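Novice: structure for this input, please:
(chains A and B)
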Amino acid sequence: MLHSPVERVAEATPHAIAKRFRGLSDRSLAWLFVAPSIVLLLAVNIFPLIWTIRLSFTNFRVNRPNAEVEFVGLKNYISILSDKDIWLTMQATAHFLIWTLVLQVLIGFSLAYLINKKFRGNDLWTTIIVLPMMLSPAVVGNFWTFLYQPQIGLFNYAVGFLTGADPSSFSMIGDVSLAPWAIVIVDTWMWTPFVMLICLAGLRSIPDSIYEAAECDRASKWRQFWTITIPLVLPFLMLAVLFRGIENFKMFDLVVQLTGGGPGSITELTSINLKREAFEKWRTGYASAYAVILFVTVFGLASIYVKALNKVKQR
Amino acid sequence: MSYSVTEPSRRQKWFAGVLVVLYALITILPLVWIIATSFKTPSDAIAYPPKTFFTPTVEGYVNVFTTRTRLTEEQLQAVGEPQTWYDRLVRKDGLVISGPSRFAERFTNSVIIGFGSTILCIVLGTAAAYAFSRFKVPLKDDLMFFILSTRMMPPIAVAIPIFLMFRSLGLSDTHAGMILLYTAVNLSLSVWLLKGFIDEIPIEYEEAALIDGYTRFQAFYKVVLPQAATGIASTAIFCLIFAWNEYAFAVLLTSGNAQTAPPFIPTIIGVSGQDWPAVAAGATLFLVPVMVFTILLRKHLLRGITFGAVRK
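Specialist: Okay, the predicted model is just below:
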């Protein structure tokens, strides 16, 4: 085993280091430690991504392996960007994204603010609030279809009980005007705790001394809230929005189980639409171009956002 | 006790407490409902108004583990008296158990793939995190960002080539394939979290060990690893929970052999239509372990879910 690659690398390292640490040199150890992870990520993430990009310029179909694969240039991209249905999908995604973010930020921040009042037992209740977020979205989403059933569903019953409406008179996931809200409600239920936890970390990072100083200057509580609390929590809040934004742009499991994109295609978010193109219609080349467009969009939006986030942090 | 301007008043605390408890009770209701439904009979489950009090039964749990067929009176008499308690339970509805369902199998797959990928992820992640934390790795920041960016990809976007790749390598619908895939998915989390934990261990410990004549590798596993044990354990549980909950890849890349529980549970149906107590029983068995872990893990929660971006 004397001439294993590792030992050869070890031999090649400068004497000074080799003398200090017997055995493997730091440099070879570093590579030995990092390489397997990088190789795995290249194989399972980057290689497929490059393959997707290549496929996106062809008319390849997985279900017709023997058909001739033609290079079609930008045709796939052009037909996607000029497809009206895809823009409707984008609209559905935007509606979902904006409303879940607004609701989660509002409720999440309020909860964090209340929990930060440090009432007795706040730890226990925080843990209970966090539970939905840790569970499988597909399994929970599927069960929500039961809660949303007209008449027998708990959700409809509760709404009927509170508003006096007939619980069998509306169907959250069957009605075109309600379904987009059905997915917003479940996502908000599930992921508000995430925003809450990050806001809580932000609130707890503010030193008491700042408030004490403000108190000495006779700043009102209201003023303290807007000039101390909000600006100092903002970087945390923006981080939460980034994480949720990326996740909800990719949203698949929860909504696929909840509505399956229906009724019609009113809740068909981009990921669901993409899955249809790729694994039901088997238009592989077309779906690949679609995937590339989505990835570029996420990456682009995230990069712009991170720049803004860093600016806020530097203030 | 000294008076503090930042300490909320008792009335404020009371008010905040009531609102938070109210929200917690509402938010927990769907989960309580899943568990309650799993102990209902099918007719109790779909009763109107929804039943809060009912006689509990384990029928849902029997149904989730078995397949049943409906027999006619004569056929039932030919089968004879039910032998076991679960036979008697389904016989009430004129059914006989015709065999085990695939639930146990799918659950086992979830366990194998979850634990397999977690172990692999922790081994690879700890090594990479240690290197990033302690050594001068060329392009360190770029590599760390590259690792994070793999998380931004929508699973469906890479699912097509992975599907093709797995098919040509003979990995489609196998445990090995899914373990590799979930390891890659979770590696970003594991490297980022573990780097944070290892960064916090004072470098002086290792330097002392090196002076004592340990090699770098010995210093790593005899000094750093024990110090990072808590961090490694909580990272492992996060990886396990993510792999456990994963649905998109599972539904696209597995169909029979290596299918995990999340794509399977929604497909559970009874002899006549959707059997909600059975679905709820499957969901309960699947979700309760995660709830327990969450409660145990509450102190490390924030770090885990934000990739170590927020530390307490």
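Novice: residue ranges for the helices of the stretch 151-300 of chain A, please.
Specialist: Secondary structure of the stretch 151-300 of chain A (DSSP state H, counting those that start in this stretch): helices located at A:154-163, A:179-204, A:208-216, A:221-224, A:230-249, A:253-258, A:270-279, A:284-314.
Novice: quick one: residue B:210 and residue B:228, what's the gap?
Specialist: 17 Å (C-beta to C-beta, to the nearest Å). No exception for glycine: its C-beta is placed from N, CA and C like everyone else's.
Novice: if you could redo that for residue B:91, that was the one I meant.
Specialist: Counting by C-beta to C-beta, the gap from residue B:91 to residue B:228 is 56 Å.
Novice: the more surrounded of the two?
Specialist: residue B:228 (21 against 17; other C-beta atoms under 10 Å in any protein chain shown).
Novice: residue contacts, that one?
Specialist: B:126, B:194, B:197-198, B:201 (C-beta atoms under 8 Å, 6 or more residues apart in numbering or on different chains).
Novice: what's the closest of those to residue A:222?
Specialist: residue B:197 (40.3 Å; C-beta to C-beta).
Novice: most centrally placed residue in chain A?
Specialist: residue A:247 (1.0 Å; C-alpha atoms, centre = their mean).
Novice: need the contact list for that residue.
Specialist: residue A:191.
Novice: repeat for the one 5 residues further on
Specialist: Taking C-beta under 8 Å, 6+ apart, we find residue A:252 in contact with A:269, A:271-272, A:275, B:154-156, B:247-248.
Novice: recalculate using a threshold of 7 Å.
Specialist: A:271-272, B:155-156, B:248 (C-beta atoms under 7 Å, 6 or more residues apart in numbering or on different chains).
Novice: take the residues you listed and lay them out in CSV including neighbour count, pLDDT and distance to residue B:86.
Specialist: Output for the contacts of residue A:252, formatted as CSV (neighbours: other C-beta atoms under 10 Å in any protein chain shown; pLDDT from 0 to 100; distance: C-beta to C-beta, whole Å):
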residue, neighbour count, pLDDT, distance to residue B:86
A:271, 26, 91, 41
A:272, 22, 92, 39
B:155, 22, 83, 38
B:156, 26, 81, 40
B:248, 23, 91, 35
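Novice: show me the two of the residues you listed that sit farthest apart.
Specialist: Checking the contacts of residue A:252 with C-beta to C-beta, the most distant pair is A:272 and B:155, at 12.2 Å.
Novice: per-residue pLDDT, the residue nearest to residue A:249 when sequence neighbours are not counted?
Specialist: Distances taken as C-beta to C-beta, 6 or more residues apart in numbering or on different chains place residue A:298 nearest to residue A:249, at 5.4 Å, with adjacent residues excluded. pLDDT for residue A:298: 86.
Novice: what's the distance between the residue nearest to the centre of chain A and residue B:94?
Specialist: 47 Å.
Novice: check residue A:255 too.
Specialist: 38 Å.
Novice: looking at these two, which one has more neighbours?
Specialist: residue A:255 (26 against 14).
Novice: please report phi then psi for residue A:109.
Specialist: As for residue A:109, its main-chain torsions (degrees, to the nearest 10) stand at phi -70, psi -40.
Novice: that one: how many residues sit nearby?
Specialist: Neighbour tally, residue A:109, other C-beta under 10 Å: 24.
Novice: with adjacent residues omitted, what lies nearest to it?
Specialist: residue A:199 (4.9 Å).
Novice: pLDDT weak spots in the stretch 1-150 of chain A?
Specialist: A:1-24 (pLDDT under 70).
Novice: got the domain ranges for the chain?
Specialist: This is for chain A. A:5-55, A:76-314 (automatic domain parsing).
Novice: wrong chain, I was asking about chain B
Specialist: Listed domain ranges for chain B are B:15-101, B:104-264+B:293-305 (source: automatic domain parsing).
Novice: and the domains of chain A as CSV, adding distance to residue B:75?
Specialist: Compiled in CSV, those are given as follows (distance: least, C-beta to C-beta, whole Å):
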stretch, distance to residue B:75
domain A:5-55, 52
domain A:76-314, 32
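Novice: point out the most buried one among the ones you listed.
Specialist: Here the criterion is mean neighbour count by mean count of other C-beta atoms under 10 Å in any protein chain shown, and of these the winner is domain A:76-314, at a mean of 19.
Novice: how long is that one from one end to the other?
Specialist: 42 Å (C-alpha to C-alpha, to the nearest Å).
Novice: neighbours of the nearest residue to residue B:220 once chain neighbours are set aside, just the number please.
Specialist: Leaving out its chain neighbours, the residue that sits closest to residue B:220 by C-beta to C-beta, 6+ apart is residue B:130, at 6.0 Å. Using other C-beta under 10 Å, residue B:130 has 24 other residues around it.
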